[in-house]
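K.L.:
the following block contains a protein sequence and its predicted model.
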Amino acid sequence: MPTMRLPNYAYIPGQNERHPEDAFDELRRTAVQGQTADQLAQCEAFQAGLRFLDAGYYWEAHEVLEPVWMVLPQDSMERRFVQGLIQLANGCLKVRMNKPKAALRLVEQARDLVPVGDTSMMMLEMQVVHGWIDELEGKAKYAL
């Protein structure tokens, strides 16, 4: 079973060395076509993506959330939601790269993709996720 250990460093394009091409393959393979959204929420790729996002490993979060997004049904709310998480990770990375305007564009995309309301999806409360988006927006505005 793949490990969810944090990488030795968070990759920041233009600032440090990219991880080896196959660094996250084992985690990525846990998102399997045909799994339900509930199963994907429990797969190691999704769980690692959340852990990476929480720990500030934004590029890495995108890398492991992408295969989850890819195997979700094309027009599903869950697919849009995971895309929103990916945009959130990208926005956080843009703030770290000192690109606040790009981060603000990603904030709007994430906000449009993540459902609103007192509901949960893939084991996450939407109010919590919108709180993360709001926090990113605050950081991006502060960096302008």
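P.N.:
Noted; the coordinates are in hand.

K.L.:
can you tell me the element Val137 falls in?
P.N.:
Not Val; residue 137 is Glu. Using DSSP states H and E, Glu137 sits in helix 126-143.

K.L.:
how far does the helix ranked longest in the chain sit from its chain's centre?
P.N.:
Determined from DSSP state H, the single longest helix within the chain is helix 77-96. Relative to the chain's own centre, helix 77-96 is displaced by 5 Å; criterion: CA atoms, centre = their mean, to the nearest Å.

K.L.:
which other helices and strands contact that helix?
P.N.:
Where contact means 3 or more CB pairs under 8 Å, 6 or more residues apart in numbering; DSSP states H and E, helix 77-96 is packed against helix 44-55, helix 58-71, helix 100-113, strand 120-121, helix 126-143. C-beta coordinates here come from the backbone N, C-alpha and C atoms, glycine included.

K.L.:
just to revisit the earlier point, now the angle from the helix holding Glu137 to helix 100-113?
P.N.:
Interaxial angle, helix 126-143 versus helix 100-113 (axes from the mean of the first three to the mean of the last three CA atoms, to 10 degrees): 160 degrees.

K.L.:
so for helix 126-143, what's the average pLDDT?
P.N.:
What helix 126-143 shows for mean pLDDT is 98.

K.L.:
any buried residues in that helix, and which?
P.N.:
Of all the residues in helix 126-143, those buried under the rule 16 or more other CB atoms under 10 Å are 126, 129-130, 132-133, 136-137, 139-140.
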